[in-house]
Each structure stands twice: as C-alpha cells, then as structure tokens.
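Trainee: for reference, the sequence and a predicted model appear below.
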Amino acid sequence: MMLTGLSTGNVMSTSYQVVIGTPLSGQPARQALIADTVKAAGMWLGSYVAGWGDIAVLLSFDPNIATMNGGSSANRDIGLVSAADGRSYRLLQDSVIAEILQGVDINGAGTDASINVGTTNLDRYYWFDSTLATAGDIPQDKTDGFRVILHELLHAMGFNGWLANSQGDYNGSYISVFDQFVVAAEGRSFFTGASAVAAFGSPVPLTNVHLGDNTSFAQGLLRGDTTLMSYDYVPNGSRISLDPVVIGILRDMGYTVRDTQAAFIGTGEALNTAVIGTSSAGFDIVKTLDLTWLSFTGRSDFSYLLTNEQRLQFTDLNVALDTGKDEVGGQAYRMYQAAFARTPDAGGLGFWIRAMDSGFDVQQVAAMFIDSNEFRSAYGSSFSNDEIVGKLYQNILQRPGDAGGIAFWVNVLDTRAATLAQVLAGFSESDENVDGMAALIGEGFSYLPYGA
C-alpha cells in the first residue's frame, strides 16, 4: 500500500519535547504519562500540519487551578498589517507559529510553548492512559486528557488573541495572527478567513478565541462534541480529532494542513509493508506511548502514523519494525548477533529476512549459520559443550554464565535433548536477549531487501 501526497519542499516533520516546570507532587508516574501524552498530541498534530522545528513545551502542574491552559511562550513584531475589521495593527507572530512555518526559533534556548495543568480536579475529572490507539477505554465520567492537550497545543499554534473578546471595542495597537480574521457584528464576533468560512459555510462565530457562541450552540453548531476548539462543554467518555473548521482556521493562519491524518494503516495480516515513494534520507521512527510515527528531517513531510505495519519500503532501503520476540525481523537481526557476535550487514540481513519471510524458521537459520566459516571463526572449529555454552553466554548475553545455567545447557547438549542449532536459537530468542537488544532495534532497523 502506498500513501500519496508526500511533498518535496524545504520543511520537515515537527518534533516535540517536554520540559517539566513545576512538577506534579508525589505522582512521578502520572507526571511522566502526561508528559508523554503531550509528545503524542504534538506528533498527532504533526500528522495534519507540516512544519519546521523542535517545539519545546514547558509542562507545569498548578495546585491552585482546576482546568488547563496553554499558549506560546514568546512572540515577535513582524510589521504593520491590515486586518479584516478594516483597521491597521502591528502583527505579533507567536514563537510556535514562527518555528513551524519559518523554522525560526525566536525564543532561543527557552521553551516555545507552555501547558499548565490544574491539579485540584486532575484525578477526579481527567483520564490519561497509555493506550491512545483506542478511545474505547475512556470512562464515561471522565474527560479525555489527550483531547484537552490537543486543545491547549492548538492555542499555542495560534488560537489566541484579543479582538474576539472586544466585540469591536479593541483599542490596542497589536493583534495576533488569529486576530487578523476577526470581525464584530451585532454583538457577536466571527472568524472570517476564507478557508474557515468555506468549511463552516459562513463566518465562524466565536467566544473569545474559541469556536461557537450561545447562538450557534442553540442551533447545535460548533458544540464540544464536534470540534476540538469549541467554547462549549467537553463531553466525557469520548475523543475527537481535528475537524474541518479547525483545519480551515489553521490554513488561514498560514499552515500547510491535510484534510485527513497522514497515516499508513496495515490490514492486520501476517506481513504489511508501507511503500514510501521517496528515499530514506532523514527518516526517524518515533514512539509515543502506544503510537508509532514515521517522521523526517530536512525535507517536506508530515509525521505519519504507523498502524499494523511491519515493514517500510523506501526507494533505497527497507526498515523492519517487526522487532519483538518471535517476529521475523527481530529474529533475523538477533541471530546475526548471536551467531557471529557482530552487527549484521544490511545486505546479508536482507537475504535472511527474505528467507524467513518465505518459511525458514529461526532454528533452521541457526543451523545454517553454525555451518559457516564465520561461526567457526567466532566460536572455534572444535569445542567441547562446556566451551560452546560459555561462549554463548559471553557473545549473546554479554555476561559470564551462572553455574546453574551452564550446567543445564551443557546437560542438554550432552544428552542430545536439543541440537546446537536449537540451543543457539534458544539463547538468541531468550527474554534476556530480546530485552537487551530492544534498546538497539526496538524502534526498527534498516536493511537492504534481497534482490534490490
């Protein structure tokens, strides 16, 4: 399957990092979960919005408030502009907009955005969990924390300003990028950007920098169950993503935005390969909680959500994501390390992945590796069972064998309860080795497909 629409300009996938300000007292695990949720929400927005930069988010926990708030950390004056209300103002561009659109970090070493999480009702009202791939587990009496974090990051991306609060009485000299499109009429405020108007069908009613007002809510429009940026209540027990009106406003503010999420979604069959129609230059695999993303640096791309994908096929190489226990990609890589005590070469790895995809199991591959000059070079051409077991511990598990373990495996070989190939495969796929290799290959590894 191939996802079309990869662009080729000079921007890159936006990344997110979190800096803790005031910590969440006494709950380090929950603090870490919320920080990871912020990263995941940033990557989620990046799967709709293309841009530059690394957005640093200052995450603080406030025991004096019950809700959350977010915004940009700095801004810059970029000159005089004419706004939709017919007046001229000095335009202030926020730090997040500047970095995503132009790659300009106006805040230097400081953070680019901030999110303050109120803790007085944090456990009572908000639901944060590590399984973002499904929304079915959100309790009906809790508000989805992921949705609220998306909302606050959108404030940082430009849903902020002053004109919508004033209903035509604003006397300031400065406006935000959002404010450029705000007008007042008959005691109401509206966003008039062309893309937003096209999505909604008319100027979009506002309450401050949120979508909707009492009139639209009474009409069933722009309510909290239909748009992330509604001023209406946030319904419990549900999750929503970017809607057409929010996407339209982001486009009016200058962002490049997709109508649908950038994603490769596999069928759930034994092997799914996402065909990427570009080279692998600058690719990165990013994991946020249970979500996996393909992102790029130095090229124009979004962040791509990967679901049920085992392999990525670029024009110059492949990437294996099936690295877990009993998964072909991981088995092939670990067997190379186990049998030859070295990092696999990309071409050879591609050959053996192809062989295992075609039906060879890990014990058959182990037998063929044992019958090779390189194995004999690593382990010796003649050895006792005591010697080979000792070397298996050192070469594969990177430690001396314990007395009980050595005695067990030597007895297995002495009594011929298993072949050397079966023992080698057992060491290679042991929980200890799989866990130990996870830091190296857990997020995927590249190889050259056989025959390429």
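Mentor: Nice, I can see it. Numbers count the residues shown, from 1 in each chain.
Trainee: Asn395 against Tyr336, yeah?
Mentor: No - using Cβ atoms under 8 Å, Asn395 makes no contact with Tyr336, being 11.5 Å away. Where you see a C-beta, it was placed from the backbone N, CA and C, and this is true even at glycine.
Trainee: compare neighbour counts for the two and give me the winner.
Mentor: Tyr336 (21 against 17; other Cβ atoms under 10 Å).
Trainee: mean confidence for the helix or strand where that one lies?
Mentor: Secondary structure from DSSP states H and E places Tyr336 in helix 328-340. Averaging pLDDT along helix 328-340 yields 96.
Trainee: pretty sure Ser280 contacts Leu448?
Mentor: No - here Ser280 does not reach Leu448: they are 11.0 Å apart, not a contact under Cβ under 8 Å.
Trainee: so which bits of stretch 120-130 are buried?
Mentor: Neighbour-count burial for stretch 120-130, counted by 16 or more other Cβ atoms under 10 Å, picks out Leu122, Tyr125, Tyr126, Trp127, Phe128, Asp129.
Trainee: okay if I get the residues you listed as a markdown table plus secondary structure?
Mentor: Listed next are these as a markdown table, based on DSSP: H, G, I helix; E, B strand; the rest coil:
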| residue | secondary structure |
| --- | --- |
| Leu122 | helix |
| Tyr125 | helix |
| Tyr126 | strand |
| Trp127 | strand |
| Phe128 | coil |
| Asp129 | coil |
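Trainee: closest one to Val148 out of the residues you listed, please.
Mentor: Nearest to Val148 among these is Tyr126, at 6.9 Å by Cβ to Cβ.
Trainee: bridging residues for that closest one?
Mentor: As for beta bridges, Tyr126 partners with Thr143 under DSSP bridges.
Trainee: return the residues in contact with it.
Mentor: For Tyr126, the contacting residues are Lys142, Thr143, Gly145, Val148, by Cβ atoms under 8 Å, 6 or more residues apart in numbering.
Trainee: what's the most distant pair in the residues you listed?
Mentor: Greatest spatial distance in the contacts of Tyr126: Lys142 and Val148, 10.9 Å, computed using Cβ to Cβ.
Trainee: next, count neighbours for Phe217.
Mentor: Neighbours of Phe217 under the rule other Cβ under 10 Å: 18.
Trainee: which residues are in contact with it?
Mentor: By Cβ under 8 Å, 6+ apart, Phe217 lies in contact with Arg223, Asp232.
Trainee: alpha carbons only: can I get the strand or helix carrying it in CSV?
Mentor: Using DSSP H and E, Phe217 sits within helix 214-218. Output in CSV follows, covering the C-alpha atoms of helix 214-218 (Å, rounded to 0.1, in the frame of the first residue of the first chain):
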residue,chain,number,x,y,z
ASN,A,214,-24.6,30.8,22.6
THR,A,215,-26.5,31.4,19.4
SER,A,216,-24.6,28.7,17.5
PHE,A,217,-24.8,26.2,20.4
ALA,A,218,-28.6,26.7,20.4
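Trainee: that helix: which residues count as buried?
Mentor: By neighbour count on 16+ other Cβ under 10 Å, the buried set for helix 214-218 is Ser216, Phe217.
Trainee: and it, how far from the chain's centre?
Mentor: Relative to its parent chain, helix 214-218 has a centroid offset of 36 Å by Cα atoms, centre = their mean, to the nearest Å.
Trainee: what's the answer for stretch 245-265, then?
Mentor: The mean C-alpha position of stretch 245-265 is separated from the chain mean by 17 Å, Cα atoms, centre = their mean.
Trainee: how many residues are close by Gln398?
Mentor: By the measure other Cβ under 10 Å, the count of residues near Gln398 is 12.
Trainee: with Glu186 instead?
Mentor: 7.
Trainee: with the one 3 residues further on instead?
Mentor: Residues within reach of Ser189, counting by other Cβ under 10 Å, total 22.
Trainee: could I get the contacting residues of it?
Mentor: Leu163, Ala164, Asn165, Ser166, Gln167, Val182, Val183, Pro205, Leu206, Thr207, Asp213.
Trainee: nearest to Gly118 among these?
Mentor: Using Cβ to Cβ, Thr207 is the member of these that lies nearest Gly118, at 20.4 Å.
Trainee: okay but that closest one is in contact with Thr215, surely?
Mentor: No - under the criterion of Cβ under 8 Å, Thr207 makes no contact with Thr215, lying 10.2 Å away.
Trainee: tell me the pLDDT of Met2.
Mentor: 28.
Trainee: what residues of the lengthiest helix in the chain count as buried?
Mentor: What stands out as the longest helix in the chain, according to DSSP state H, is helix 28-46. Across helix 28-46, burial judged by 16+ other Cβ under 10 Å covers 31, 33-46.
Trainee: from these, which is closest to Ala438?
Mentor: Asp36 (17.5 Å).
Trainee: wait, what's in contact with the closest residue to the closest one other than its chain neighbours?
Mentor: Here the nearest residue to Asp36 in space, its sequence neighbours aside, is Leu289; by Cβ to Cβ, 6 or more residues apart in numbering that works out to 5.3 Å. Counting by Cβ under 8 Å, 6+ apart, Leu289 touches Asp36, Thr37, Ala40, Ser130, Thr131, Leu132.
Trainee: got it, and Leu92?
Mentor: Counting by Cβ under 8 Å, 6+ apart, Leu92 touches Asn75, Arg76, Asp77, Ile78, Tyr174, Ile175, Ser176, Val177.
Trainee: who are the contact partners of the second one?
Mentor: Neighbouring residues of Arg76 by Cβ under 8 Å, 6+ apart: Leu92, Gln93, Ser95, Ala98, Ile106.
Trainee: and the next helix or strand past the host helix or strand of the first one?
Mentor: When you say that, I think you mean Leu92. According to DSSP H and E, Leu92 maps onto strand 88-94. With elements assigned by DSSP H and E, the helix or strand that comes after strand 88-94 is helix 95-102.
Trainee: can you tell me what sits against that next one?
Mentor: With contacts defined as Cβ under 8 Å, 6+ apart, helix 95-102 is touched by 14, 49, 51-55, 72-76, 104-107, 112-113, 156-158, 177, 253-255.
Trainee: quick check: ChimeraX command selecting the buried ones in these.
Mentor: To isolate the buried ones among these in ChimeraX, judged by 16+ other Cβ under 10 Å, type:
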select :14,49,51,52,53,55,72,73,74,75,105,106,107,112,113,156,157,158,177,253,255
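Trainee: return the subset of the contacts of helix 95-102 lying in helices.
Mentor: Of the contacts of helix 95-102, the ones assigned to helices by DSSP H are Ala156.
Trainee: JSON lines for the contacts of Tyr126, including pLDDT?
Mentor: Below are the contacts of Tyr126 laid out as JSON lines (pLDDT from 0 to 100):
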{"residue": "Lys142", "pLDDT": "95"}
{"residue": "Thr143", "pLDDT": "95"}
{"residue": "Gly145", "pLDDT": "96"}
{"residue": "Val148", "pLDDT": "97"}
